[in-house]
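Student: Sequence below, structure please.
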Amino acid sequence: MVKRKKKSEDNSVRNPGLKTLQQSVLKITDVAIRKRGFVESALIHKWTSIVGKEIAAWSVPNRLVFLRGSTLDATLHLDVLSARALEIQHNELVILERINVVFGYKAINKIAIRQVNSLSRTVKQSPTPAVLTESEKSWVSDQIKNHSNAELKNALEALGQAILSRK
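Tutor: Here you go, the predicted model:
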């Protein structure tokens, strides 16, 4: 008698292949997003397509607060550039309708606006690498002098210098 696997186990066995970067990133970011109260991470990931490029340029969802024990009555807290807060308030019904389409039901009933001077979407820049001294460069060269393959030697030298320049 052959024991049949459950459907979820069967899919993982059949499709062990590569995953897209988006699938991997969504799994990681969903945990952090849920901590902010967002049950549907699509609200964050697709904010631009939900509200449009213009509104998304000066507004960011901050958190989603549900009433206790309810999944039907929520307030979306938005960070909005202070000059545009009145425009969000004016378009609140349209924005709510677009957002609730993502949920598939009327989950969000109102928007709470927090006026901010700037939106925190800046990407952190990596620190500039330090310039290596001649002794450090010669140390890297000494470490790889025994390799005969020129391409490998060049790659290892670049890697060694990059590692040393970050410390």
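Student: what's the span of stretch 64-82, first residue to last?
Tutor: 20 Å (C-alpha to C-alpha, to the nearest Å).
Student: looking at it, residue 156 is touching residue 147, isn't it?
Tutor: Yes - under the criterion of C-beta atoms under 8 Å, residue 156 makes contact with residue 147 at 6.9 Å. Where C-beta positions appear, they are placed from N, C-alpha and C, glycine not excepted.
Student: and the residue lying closest to residue 80 once chain neighbours are set aside, how many neighbours?
Tutor: Spatial nearest neighbour of residue 80, chain neighbours left out: residue 59 (4.6 Å); criterion: C-beta to C-beta, 6 or more residues apart in numbering. Counted with other C-beta atoms under 10 Å, the neighbours of residue 59 add up to 23.
Student: Backbone dihedrals for residue 59, please?
Tutor: phi -150, psi 150 (degrees, to the nearest 10).
Student: Now do the contacts for it.
Tutor: 51, 78, 79, 80, 81, 84, 88, 119 (C-beta atoms under 8 Å, 6 or more residues apart in numbering).
Student: Filter the residues you listed down to just the ones in strands.
Tutor: 78, 79, 80, 81 (DSSP state E).
Student: What lies in contact with the one helix or strand residue 97 maps to?
Tutor: Per DSSP states H and E, residue 97 falls inside helix 92-103. Helix 92-103 has contacts (C-beta under 8 Å, 6+ apart) with 40, 42-43, 46, 50-51, 55, 76, 88, 106-111.
Student: quick one: which of the residues you listed is nearest to residue 160?
Tutor: residue 46 (42.6 Å; C-beta to C-beta).
Student: sorry, back to before: buried residues in the next helix or strand after the helix holding residue 97?
Tutor: Counting by DSSP H and E, the next helix or strand C-terminal to helix 92-103 is strand 108-116. Buried residues in strand 108-116, counted by 16 or more other C-beta atoms under 10 Å: 108, 111, 113, 116.
Student: Kindly report the same for stretch 152-167.
Tutor: Buried, per 16+ other C-beta under 10 Å, within stretch 152-167: 156, 157, 160, 161, 164.
Student: and those as JSON lines, adding secondary structure, pLDDT and distance to residue 23?
Tutor: Formatted as JSON lines, the buried residues of stretch 152-167 follow (DSSP: H, G, I helix; E, B strand; the rest coil; pLDDT from 0 to 100; distance: C-beta to C-beta, whole Å):
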{"residue": "156", "secondary structure": "helix", "pLDDT": "86", "distance to residue 23": "33"}
{"residue": "157", "secondary structure": "helix", "pLDDT": "87", "distance to residue 23": "36"}
{"residue": "160", "secondary structure": "helix", "pLDDT": "85", "distance to residue 23": "34"}
{"residue": "161", "secondary structure": "helix", "pLDDT": "85", "distance to residue 23": "35"}
{"residue": "164", "secondary structure": "helix", "pLDDT": "83", "distance to residue 23": "35"}
